[in-house]
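Q: Got a sequence here, can you model it:
(3 chains)
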Amino acid sequence: MKISGCCRIHQNKVLVNGKKYFASDNSQHDELSMQLYRFLKTEYPKFYKMDLLSKMGFLATEIICQTTSAISKFADDEIALLFANSHSCSESDERFNHSFKVEKSPSPAQFVYTLPNILLGELAIRNKWYGENLFTLLPAFSAEYFSSQAGIFVPQKAKALLCGWVNLFPVTDVFVFFAESNSETAQEILDSKEIEHWYNNIK
Amino acid sequence: MIYIGAETILSPNGNTKDCFRKIAEKKSGVSKITGNGFNGESFYCSMFSDSRPDFNTLAVQTIEQLLEKSKANLLTEESTLLIISTTKGDLSKGFENAIVSPAKFLYEKYKLKHFPFSISNACASGVMAINAAAAFIENKQYQNVIVLGIDMITDFIVYGFQSLYAISDEPCKPFDSERKGINLGEGAGAVLLSANKDVFTTTPVCYLSGSSSNDANHISGPSRTGEGLFRSVNKTLSASAIKTENIDFISAHGTATVFNDEMEAIAFNRLNMQHIPVNSFKGFTGHTLGAAGVIETALCITCMHENTLLPSAGYYTKGTSIELNLITQAASATINTVLKTASGFGGCNASLLLQKIK
Amino acid sequence: MDNLKEELKKHLITQLNLEDKTPADIMDEAPLFGDNGLGLDSIDALELIVLLDKHYHIKLTNPEEGKSVFYSINTMAEYIEKNKK
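A: All right, here's what the predicted structure looks like:
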């Protein structure tokens, strides 16, 4: 398998396929995500309602969809969404907790974001992707994890993968990549070294 | 061939055997909790009463019970992986560590060879975790995978479902016309999947296939057409060449919310499965969220061994636009092939097929 | 009443994260839900119940009631006028 497009958001920098794409003057999540949203000139009112985890995953995916032509050749259920992080949706958990502990009124709009896989739902809705999705929690980024997942999803359950690591703490650490198979039927390996290379390429 | 067995449940309704027997007798683990809602409301749920275990203790007890049904030292073998299925993990460890902390605890306690993966995919987590386990084995990355599904009731969860007006103020009634919402539940379930039948000391069944699909419709409301569930079941069937007429029993998700149950009825009708005996275990176990798919798969395996169809709680009158064949009393039946489904927030749907060893 | 409607629009934008909207974008009589109006959904409807309670101390206990109350800014304002304490 090969990686045909990737987006890396590290602190205030955004790189696409290893090249500088955007830099914000502010590495605060809220500011960074709003600046990047405006920069992309995307019109999607649902964006404002998303929690930060979904916003970051959404933005990186938008960039990949805009810059990776290969993604459009797949049918609506051929792309598996495999995302992971280490802290789940802790930022939304804090907000919902605040809504009932401090504001004394539990917020339904915040509660629905207290599941990390809501991000996958947002991507599916935006792109009309009906395929496999899985959200996993790992103690730290692991190229081997994604390589191993690629082995179990392609070609049996999907023809291509949109993989994502979306961590917000201690700093924004987002890596989303699109990987596709060179063959229709044969089992292919997605080399963890290639994943590692793009993840570490943040200069 | 992939085997699945060593089915284990630790719930307010007891262990696997107790749980099965009580459901057969229509005794529910759900009871009234007085005054614990956000505004002091009373609500119904399935909660451990005396000596309520903490998250890690429950996890350990469940794993230990599973290990009694499998070959010695299996857990610490190089070829064994542990997958944890949970929506919220252990919130007492703080939001950032709630899910990874129990994984680390089990990793260190048992000196596991591989750090456990945790899957958090809303209420479909359990079925997805079992599917992931089977795929790891099929791909020969591991020989044995233990799937532990576990979630506990907290104020956080109760207040959240209250804010969505999703909690029933009476015992829940999946698929019934009077259904008013869910009963939450807590507990744990575990199953072992393996390429090798000899690792089981009780009889396993076969795992045939499984898949997931997204509704691509709404983050909290189920699809009105049952699209994701329809697609997932279709993929699961075609992956194993099992036909609708071969399925003896469906263990549905059946949360007892108005929209979820209607969505399932529509999807099963589109699949031409409306005549197959179906139930929801939620009226007996409560909705145990990330544990549900594992607990219910464990119950399905027990039903297969006992050749018994277990009833759904609280079903009296058709409450969906399409009639389903709800099981209302325990009944003897030959159960060779079972379909298990689950759906959850984020538009996720998952399904899997089990079959008795021939 | 007009002041109440203006205030309501501001609360709506904050509570529902409608950051791309200004009060001027929200017509008094336009439906808040569905594709022809503001495009709010079922979670927004529940969030509006929270809004009524938080800012006007009005408790709507049955979400079904919300359908007519939250039809438009006009219907919301009327309901608040009638029920505020």
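Q: in chain B, which spans are helices?
A: Secondary structure of chain B (DSSP state H): helices at B:16-24, B:55-67, B:100-109, B:125-138, B:155-163, B:227-240, B:258-270, B:282-285, B:292-306.
Q: Please work out which of those is packed deepest.
A: Highest mean neighbour count of these: helix B:282-285, a mean of 30 (counted as mean count of other CB atoms under 10 Å in any protein chain shown). In short, each C-beta sits where N, CA and C put it, glycine included.
Q: Can you name the residues in contact with that helix?
A: Residues outside helix B:282-285 that contact it (CB atoms under 8 Å, 6 or more residues apart in numbering or on different chains): B:11, B:13, B:19, B:22-23, B:26-30, B:46, B:171-174, B:182-183, B:185, B:187, B:253-256, B:292, B:295-296, B:312-314.
Q: at 7 Å what do you get?
A: The contact list for helix B:282-285, computed with CB atoms under 7 Å, 6 or more residues apart in numbering or on different chains, reads B:11, B:13, B:22-23, B:28-30, B:46, B:171-174, B:182-183, B:185, B:187, B:254-256, B:295, B:312-314.
Q: What of stretch A:83-91?
A: With contacts defined as CB under 7 Å, 6+ apart, stretch A:83-91 is touched by A:51-53, A:57, A:113-116, A:119-120, A:135-140, A:145, A:164-169, B:95-96, B:98-100, B:120.
Q: Quick one: distance of it to the chain centre.
A: With CA atoms, centre = their mean, to the nearest Å as the basis, stretch A:83-91 stands 11 Å off its chain's centre.
Q: Please apply the same query to stretch B:271-289.
A: Chain-centre distance of stretch B:271-289: 10 Å, with CA atoms, centre = their mean.
Q: and the closest residue to chain C within chain B, what is it in contact with?
A: Closest residue of chain B to chain C, CB to the nearest CB: B:Y165 (5.0 Å). Contacts for B:Y165 were tallied using CB under 7 Å, 6+ apart; they are C:L46, C:P63.
Q: Test for you: state the pLDDT assigned to it.
A: Note on B:Y165: pLDDT of 94.
Q: Can you list phi and psi of it for me?
A: phi 50, psi 40 (degrees, to the nearest 10).
Q: now swap in the one 5 residues further on and tell me
A: According to degrees, to the nearest 10, the main-chain angles of B:E170 amount to phi -150, psi 170.
Q: Do I have it right that it meets B:Y44?
A: Yes: at 6.3 Å, B:E170 counts as touching B:Y44 under the criterion of CB atoms under 7 Å.
Q: Settle it for me: which of the two has more neighbours?
A: More crowded of B:E170 and B:Y44, by other CB atoms under 10 Å in any protein chain shown: B:Y44, with 23 against 15.
Q: and C:I73, how far is that from chain B?
A: Applying CB to the nearest CB, to the nearest Å, the value for C:I73 to chain B is 23 Å.
Q: Leaving aside the residues adjacent along the chain, what's closest to that residue?
A: In space, and not counting its chain neighbours, C:I73 is closest to C:D28: 4.8 Å by CB to CB, 6 or more residues apart in numbering or on different chains.
Q: What about that neighbour, how many residues nearby?
A: For C:D28, the neighbour count with other CB under 10 Å is 16.
Q: Could I get the contacting residues of it?
A: C:D28 makes contact with C:K5, C:S72, C:I73, C:N74, according to CB under 7 Å, 6+ apart.
Q: Which residues are in contact with B:D215?
A: Counted by CB under 7 Å, 6+ apart, B:D215 has contacts B:P222, B:S223, B:E227, B:G228, B:G347, B:N349.
Q: what's the neighbour count on the second one?
A: The one in question is B:S223. Going by other CB under 10 Å, the residues that sit close to B:S223 add up to 22.
Q: Just put the contacts of C:D28 in TSV and tack on pLDDT and secondary structure.
A: Shown next, in TSV, are those (pLDDT from 0 to 100; DSSP: H, G, I helix; E, B strand; the rest coil):
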residue	pLDDT	secondary structure
C:K5	95	helix
C:S72	94	coil
C:I73	95	helix
C:N74	95	helix
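Q: Counting by contacts, list what the lowest-mean-pLDDT helix or strand in chain C packs against.
A: When each helix and strand of chain C is scored by mean pLDDT, DSSP states H and E, helix C:66-69 comes last, with a mean of 90. Contacts defined by 3 or more CB pairs under 7 Å, 6 or more residues apart in numbering or on different chains; DSSP states H and E place helix C:66-69 against helix C:42-56, helix C:73-83.
Q: wait, which of the ones you listed is closest to B:T308?
A: For those, distance to B:T308 was read as CB to CB. The smallest value, 38.6 Å, belongs to helix C:42-56.
Q: list the buried ones in the closest one?
A: Going by neighbour count (16 or more other CB atoms under 10 Å in any protein chain shown), the buried part of helix C:42-56 is C:S42, C:I43, C:D44, C:A45, C:L46, C:E47, C:L48, C:I49, C:V50, C:L51, C:L52, C:Y56.
Q: Could you work out the most separated pair of those residues?
A: With CB to CB as the measure, no two of those lie farther apart than C:S42 and C:Y56, at 21.5 Å.
Q: Only the C-alpha atoms, please, for the helix or strand hosting A:N97, written as PDB.
A: If you go by DSSP states H and E, A:N97 is part of helix A:90-101. Extracted C-alpha coordinates of helix A:90-101, given in PDB (Å, rounded to 0.1, in the frame of the first residue of the first chain):
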ATOM      1  CA  SER A  90     -11.300  14.900  27.200                       C
ATOM      2  CA  GLU A  91     -11.800  18.500  26.100                       C
ATOM      3  CA  SER A  92     -15.500  17.900  25.500                       C
ATOM      4  CA  ASP A  93     -15.700  15.900  28.700                       C
ATOM      5  CA  GLU A  94     -14.400  18.900  30.600                       C
ATOM      6  CA  ARG A  95     -16.900  21.200  28.900                       C
ATOM      7  CA  PHE A  96     -19.900  18.900  29.600                       C
ATOM      8  CA  ASN A  97     -18.700  18.500  33.200                       C
ATOM      9  CA  HIS A  98     -18.600  22.300  33.500                       C
ATOM     10  CA  SER A  99     -22.100  22.600  32.100                       C
ATOM     11  CA  PHE A 100     -23.600  20.600  34.900                       C
ATOM     12  CA  LYS A 101     -21.200  21.300  37.800                       C
END
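Q: chain center to it: distance?
A: For helix A:90-101, the distance to the chain centre is 22 Å (CA atoms, centre = their mean).
Q: Return the residues of chain A in contact with chain C.
A: Counting by CB under 7 Å from any CB of the partner chain, the residues of chain A close to chain C are A:P45, A:Y48, A:K49, A:S105, A:S107, A:P108, A:A109, A:V112.
Q: Would you check how far apart the residue sitting nearest the centre point of chain A and B:F117 are?
A: Centroid-nearest residue in chain A, with CA atoms, centre = their mean: A:G57, separated by 3.4 Å. A:G57 is 19 Å from B:F117, where distance means CB to CB, to the nearest Å.
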